[in-house]
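Asker: Return atomic coordinates for the entry below.
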Amino acid sequence: MDFNKANNFEKEKQSSKKILVIAITLIIILGIAATSIYFYTANAKKKILKIYINAVNWSRYGDSTVVDKKRLASNSVIKEGNKYYFAIKDFAEIAGFNFYRGDRTTEEETKAYIENNSERVTFVSGAKEIRKYYLTSSSSSSKNSSLTSQVFNIDDTILFKNGKLYISENGIGRAFNVLFKYNQASNNIQIYTLEYFYSLMSGQIKDLFKVNSNMNNESKVIIDNKKALLYNYV
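Answerer: Purely as a prediction, here's the structure:
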C-alpha cells in the first residue's frame, strides 16, 4: 500500500515537473515572439516616411493634432529612384498658396501655378525650372507678361503622375519658400513654412525686418527679408 502511494506520488511529481517545463517553455516562446514582434514593428515604423510640417506630424498615421481631412493623401509624396517628390497641389495650401491648374489661359493638366499675395509660381511637366512672378496689391490680377519674373533652375524634372504634378525635394524649398530637411536615419521630413520659420527666428534679428513706412513696396521688402532668413542668407 505504501509502495503504491509512493509510486503515485512520484508520478504526480513527474507530471508536475512536465507541466512546469511546458509552462516555462511556453513563457519563453511567448517572450521570444513578443520581442520579435516589437522589433519588427519598430523596424517597420522606421521604414514609414514621417512628414512634419511646422513641427506637426502630417503623415497619414500621425497623431491627432491636425484634423483628419487635412492629412496628406497616400500619393502626396512619391519616391522615384532615391528621391522624394511632392504633389504641388497638396502642398500649396499648407505653404500659404492657392493652386490653379493650367497657365491662366488654359487648364492643361501638365501645367499649373500657385499664387499668394506676393508671388505667382509656374510649373510645367518635364521642365527643370520654375518661374516666379512678383506681385503687388495692384498687379495681383495682371498677366504674366507684364510682371517682373525670375527663373530658378532645379536639379530634377517636374513630374506628372497620378493626375498630379510633382516637384522633387530639391525644388520644393524654392517653389514654396519652405525650409526642407530630410533625416535618412529616422526617415522623416521636416518642412517649415516661411511665416512659421520667421516666427521662430525673428526675435533674434528684429532689426532686419524694420522697414521705413514710407518706402515703396514695403511688403515686398519684408517678404524678401524673410526669404533671406529662410535660405540662410543672413
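Asker: Can you tell me the SS state at the residue nearest to Y192 when sequence neighbours are not counted?
Answerer: In space, and not counting its chain neighbours, Y192 is closest to L179: 4.2 Å by Cβ to Cβ, 6 or more residues apart in numbering. (Glycine included, C-beta is placed from N, CA and C.) Secondary structure, DSSP: H, G, I helix; E, B strand; the rest coil: L179 is strand.
Asker: Tell me the confidence at L179?
Answerer: Each residue has a pLDDT score; the one for L179 is 85.
Asker: How about D103?
Answerer: In this model, D103 carries a pLDDT of 84.
Asker: how about it, secondary structure?
Answerer: coil.
Asker: surely it meets I114?
Answerer: No. In this structure, D103 is not within contact of I114 by Cβ atoms under 8 Å, at 11.9 Å.
Asker: neighbour-wise, which of those two wins?
Answerer: I114 (23 against 16; other Cβ atoms under 10 Å).
Asker: Can you tell me the element the more buried one falls in?
Answerer: Using DSSP states H and E, I114 sits in strand 111-115.
Asker: On the C-terminal side of that strand, identify the next helix or strand.
Answerer: strand 119-124.
Asker: so N187 sits right up against I51, yeah?
Answerer: No. Counting by Cβ under 8 Å, no contact exists between N187 and I51, whose distance comes to 10.2 Å.
Asker: can you pull out the helices in this protein?
Answerer: 2-47, 88-92, 169-176, 194-201, 218-230 (DSSP state H).
Asker: Pick out the shakiest of these, pLDDT-wise.
Answerer: helix 218-230 (a mean of 58).
Asker: quick one, domains of the protein?
Answerer: Taking automatic domain parsing as the reference, the chain has its domains at 1-47, 50-230.
Asker: Any idea how many residues pack against I19?
Answerer: 10.
Asker: Quick check: Y166 vs V151, distance?
Answerer: 19 Å (Cβ to Cβ, to the nearest Å).
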